[in-house]
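A.B. asks: Sequence and predicted structure, then a few things I'm wondering about:
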Amino acid sequence: MRVWIREQNGSTIISCKVHPNAKRDAIGEVKNDQLHIYLTSTPVDGKANMSLVKYISKQVRTAKSNVCIVRGEKSRNKAILVKGKRPEEIVASLGLNPTL
């Protein structure tokens, strides 16, 4: 059972841990029931949050307006809502193992 990603009212909630100031933007592994996401942007003035929304929307092939942070605006531990996408679609788009 995947705890880090779940469906809610036709949308998907992703539990993630963001690592700002990384060498490159990348999707990491699922560890401790969180998807680890690496971003090159700094966590200053919401830049990392904006980069996260942009990066996730690009990876799952949806508009930025369909991606929002629902928990953890000022934390590295976040919950991201992706509207109109099922968990299976997101797992496939991110290139992750479907059994995670």
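C.D. replies: In hand now; what should we look at?
A.B. asks: Run through the chain and note the low-pLDDT ranges.
C.D. replies: Judged by pLDDT under 70, the chain has its weakly predicted residues at 1, 98-100.
A.B. asks: Now do the helices in it.
C.D. replies: Assigned by DSSP state H, the chain shows helices spanning 47-59, 87-93.
A.B. asks: Just the buried residues of the first one, please?
C.D. replies: Okay, so that is helix 47-59. Ala48, Asn49, Ser51, Leu52, Val53, Tyr55, Ile56, Ser57, Gln59 (16 or more other CB atoms under 10 Å). C-beta: built from backbone N, CA, C; applies to glycine.
A.B. asks: and what of stretch 12-21?
C.D. replies: Applying 16+ other CB under 10 Å to stretch 12-21 flags Thr12, Ile13, Ile14, Ser15, Cys16, Lys17, Val18, Pro20 as buried.
A.B. asks: Quick check: beta-bridge partners of the third one?
C.D. replies: In this case it means Ile14. Under DSSP bridges, the beta-bridge partners of Ile14 are Ile5, Ile80.
A.B. asks: Pull up the gap between it and Pro20, please.
C.D. replies: 17 Å (CB to CB, to the nearest Å).
A.B. asks: for the first one, same thing?
C.D. replies: When distances are taken as CB to CB, Thr12 and Pro20 turn out to be 23 Å apart.
A.B. asks: swap in the second one?
C.D. replies: Taking CB to CB as the measure, Ile13 and Pro20 are separated by 21 Å.
A.B. asks: Grab the nearest non-local neighbour of Arg76.
C.D. replies: Distances taken as CB to CB, 6 or more residues apart in numbering place Val18 nearest to Arg76, at 5.1 Å, with adjacent residues excluded.
A.B. asks: Tell me who's in contact with that neighbour.
C.D. replies: Going by CB atoms under 8 Å, 6 or more residues apart in numbering, Val18 touches Ile37, Leu39, Ala48, Leu52, Arg76, Lys78.
A.B. asks: Between all of those residues, which two are separated the most?
C.D. replies: Using CB to CB, the contacts of Val18 span at most 11.4 Å, a distance reached by Leu39 and Lys78.
A.B. asks: which residues do those two both contact?
C.D. replies: Jointly contacting Leu39 and Lys78 under the rule CB under 8 Å, 6+ apart are Val18, Leu52.
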